[in-house]
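Colleague: What follows is a protein structure lacking sequence information:
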């Protein structure tokens, strides 16, 4: 069985350019969620979001393209890489611009256009595919990439994910009463909603042979992936967590990893009452005994289509360090999360696999299992 | 081995099925198409209604009852020409008309390409994988291909795969041998090959039927 290895990755987040900046920012204990000045917020539930400095809103180029230009500055993926773009709203700011100017909507915000632009930017030959599934878009994209590499259908896949803070998205979440007034407080006893955030990230997933041939050093293995749907409600997760527990179980099965082997969990942890409660129920069903759980959304906000990939990359880094980042903005850990979530970084055994999981509108759930690149192939997997 | 076991379609002039081959004018009678009342059907956006009809017709064509019974793991993969552009424009235009004070949540929830799939999942009981793909040209073929891959990857019993563009939709039932349902239409690979170029849903239905007619029995080992 081929292994699907994460061999190159980077991100641009509200903490700045680079995964290193993101990791350092999270561990500084300071949230990057700040006052929104991009558009007026008096009518909304909140006036804060996780935004990237220096982007021009409603300017010459979409926020996504500005992020992606910076992201790929200095990195040229292999031409042979298959391409997947994961996003929920892509260049929706282009649609906003047209409608604000009194013009009819055209195809400017079509994700296929962004995909084509990314192909040109990165120089890959593949026509590419858009994958979109609400806030599990890039979790699924990474899982699909790993599946194809492991099945031998291709040697490497470039997964690109992005979403941005726009009035379209912010007003929408506010209309659903989903926003916390201040920065989101995942797993806090008094949490009151999410914060919107923006980010762009890429990951190159390759077989061992391709990684060696291309001169890449594997960073982690994407060992398992699982998907499910609550089939319950358009915006609210199922109250019992069974759907997410099922996605976790499928990912563990794919990774040949028994639950007790998982050392830490990167939760979706949005800061809404329902999501965080649902997740704790799911984790207890899937794992039984407590282990470190954390969320990075208190630091960055909810980066929507980019969340899955970004959080998997941070989880891979946590796995290498044997330490989770802190879960920010918690005053008091919710009783349901007691013994699992901490305000402080949590140590765990190095060399053990971790889980990264996400959920989204429509009741979608998706989970990834990451294993250290040097870990032995489990029995039954060779 | 997964096979295409049925498909249903709807457009602005009528509706039909692939395996049974029926074609009807007008709007499908809701109480005949849906085995159980579709909650809030009248409040769904156009694409979600079309998807609901097409999935119901597909399941009927494949001889699959729903809500999907316990123990049958089934999901849905969908595609479209332009994501959910009409819903996006509708939401933001309405928001601007309201002086940018209050967006409407009931419009916002349809501004995801997966919203029609999620409505279908809720009604039909699809608790498996759910996602939207768009590969540009040959998008229905790509959706069917992805659904087939996911079925194999996760050893699922059934996947729905299809396309919606405005009020036109076609969905196909992919099911493993032995899953309750009707005789197969064709292999997944046959269906994918016949749909490499995009066309309307009626044309897609005709091509799948033609692929079944010219391709002989489902190809052994297909997909």
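Modeller: Cool, got the structure. Since the model is a prediction, treat every value here as computed from it, not as a measurement.

Colleague: what's the closest non-adjacent residue to residue B:165?
Modeller: Setting aside the residues directly before and after it, residue B:165 is nearest to residue B:81 in space (Cβ to Cβ, 6 or more residues apart in numbering or on different chains), at 4.9 Å. Placement of C-beta: from N, CA and C, glycine included.

Colleague: Ignore what I typed, I meant residue A:204.
Modeller: Per Cβ to Cβ, 6+ apart, closest to residue A:204 is residue A:8, 4.0 Å.

Colleague: ok, that neighbour - contacts?
Modeller: The contact partners of residue A:8, taken as Cβ atoms under 8 Å, 6 or more residues apart in numbering or on different chains, are A:75, A:77, A:202, A:203, A:204, A:216, A:219.

Colleague: Phi and psi next, for the third one.
Modeller: With angles defined as degrees, to the nearest 10, residue A:202 shows backbone torsions of phi -130, psi 160.

Colleague: What residues are bridge-paired with it?
Modeller: Beta-bridge partners for residue A:202, by DSSP bridges, are residue A:10, residue A:160.

Colleague: State the number of residues packed around it.
Modeller: Using other Cβ atoms under 10 Å in any protein chain shown, residue A:202 has 24 other residues around it.

Colleague: and residue A:256, how many residues sit next to it?
Modeller: Residue A:256 is flanked by 17 other residues according to other Cβ under 10 Å.

Colleague: Quick check: closest non-adjacent residue to it.
Modeller: residue A:378 is the one closest to residue A:256 (Cβ to Cβ, 6+ apart), at 4.0 Å.

Colleague: Equivalent analysis for residue A:279, please.
Modeller: That would be residue A:267: by Cβ to Cβ, 6+ apart, it lies 5.2 Å from residue A:279.

Colleague: The residue nearest to residue A:204 looks like it's in a strand, true?
Modeller: Yes. According to DSSP: H, G, I helix; E, B strand; the rest coil, residue A:8 belongs to a strand.

Colleague: List the contacts of the residue of chain A found nearest chain B.
Modeller: Nearest to chain B in chain A, going by Cβ to the nearest Cβ, is residue A:362, at a distance of 2.8 Å. Residues near residue A:362 by Cβ under 8 Å, 6+ apart: A:133, A:134, A:229, A:234, B:112, B:114, B:115, B:117, B:118, B:121, B:130.

Colleague: any idea how far the fifth one lies from chain A?
Modeller: Between residue B:112 and chain A the computed distance is 5 Å (Cβ to the nearest Cβ, to the nearest Å).

Colleague: same question, the last one
Modeller: Distance from residue B:130 to chain A, counting by Cβ to the nearest Cβ: 4 Å.

Colleague: Can you give me the neighbour number for the nearest residue to that residue once chain neighbours are set aside?
Modeller: Sequence neighbours aside, residue A:229 is the residue nearest to residue B:130 in space, at 4.4 Å (criterion: Cβ to Cβ, 6+ apart). Using other Cβ under 10 Å, the number of residues around residue A:229 comes to 33.

Colleague: got a list of what residue A:229 touches?
Modeller: If you count contacts by Cβ under 8 Å, 6+ apart, residue A:229 has them with A:243, A:362-365, B:75, B:118, B:121, B:126-130.

Colleague: Could you give the bridge partners of it?
Modeller: As for beta bridges, residue A:229 partners with residue A:364 under DSSP bridges.

Colleague: pLDDT score for it?
Modeller: Reported pLDDT at residue A:229 in the predicted model: 96.

Colleague: before we move on, back to that, residues near the residue nearest to residue A:256, how many?
Modeller: Neighbour tally, residue A:378, other Cβ under 10 Å: 16.

Colleague: mind checking the SS state of the closest residue to residue B:28 other than its chain neighbours?
Modeller: For residue B:28, ignoring the flanking residues on the chain, the nearest one in space by Cβ to Cβ, 6+ apart is residue B:15 at 4.9 Å. Per three-state DSSP, the secondary structure class of residue B:15 is strand.

Colleague: and the gap between residue B:15 and residue B:195?
Modeller: 19 Å (Cβ to Cβ, to the nearest Å).

Colleague: before we move on, what about residue A:175?
Modeller: Distance, residue A:175 to residue B:195, using Cβ to Cβ: 38 Å.

Colleague: again, but for residue A:307
Modeller: 33 Å.

Colleague: Residue A:219 and residue A:19 touch, don't they?
Modeller: No. Residue A:219 lies out of contact with residue A:19 (Cβ atoms under 8 Å); the separation is 9.9 Å.

Colleague: joint contacts of these two?
Modeller: Shared contacts of residue A:219 and residue A:19 (Cβ under 8 Å, 6+ apart): residue A:9.

Colleague: one step back: pick out whichever of residue A:175 and residue B:195 has more residues nearby.
Modeller: With neighbours defined as other Cβ under 10 Å, residue A:175 and residue B:195 compare such that residue B:195 has more, 25 against 21.

Colleague: Test my guess that that one contacts residue B:207.
Modeller: Yes. Proximity of residue B:195 to residue B:207 meets the contact threshold set by Cβ under 8 Å, at 6.0 Å.

Colleague: quick one: contacts for the residue nearest to residue A:279?
Modeller: A:186, A:187, A:276, A:279, A:283, A:293, A:294, A:295, A:341, A:357.

Colleague: Now do the SS call for the residue nearest the centre of chain B.
Modeller: Residue closest to the mean C-alpha point of chain B, counted by Cα atoms, centre = their mean, is residue B:171 at 3.0 Å. When classified by three-state DSSP, residue B:171 comes out as strand.

Colleague: For residue B:84, see how far away it is.
Modeller: Using Cβ to Cβ, we find residue B:171 at a distance of 17 Å from residue B:84.

Colleague: again, but for residue A:72
Modeller: Separation of residue A:72 from residue B:84 (Cβ to Cβ): 27 Å.

Colleague: mind checking the SS state of the closest residue to residue B:18 other than its chain neighbours?
Modeller: The spatial neighbour of residue B:18 that comes closest, neighbours along the chain excluded (Cβ to Cβ, 6+ apart), is residue B:7 at 3.9 Å. Using three-state DSSP, the secondary structure recorded for residue B:7 is strand.

Colleague: Just to check, residue B:7 is in contact with residue B:174?
Modeller: No. With contact defined as Cβ under 8 Å, residue B:7 does not count as touching residue B:174 (9.8 Å).

Colleague: For chain A, what's the nearest residue on chain B?
Modeller: Among the residues of chain B, residue B:118 lies closest to chain A, at 2.8 Å counting by Cβ to the nearest Cβ.

Colleague: for that residue, what are its contacts?
Modeller: Residues near residue B:118 by Cβ under 8 Å, 6+ apart: A:229, A:234, A:361, A:362, A:363, A:364, B:112, B:130.
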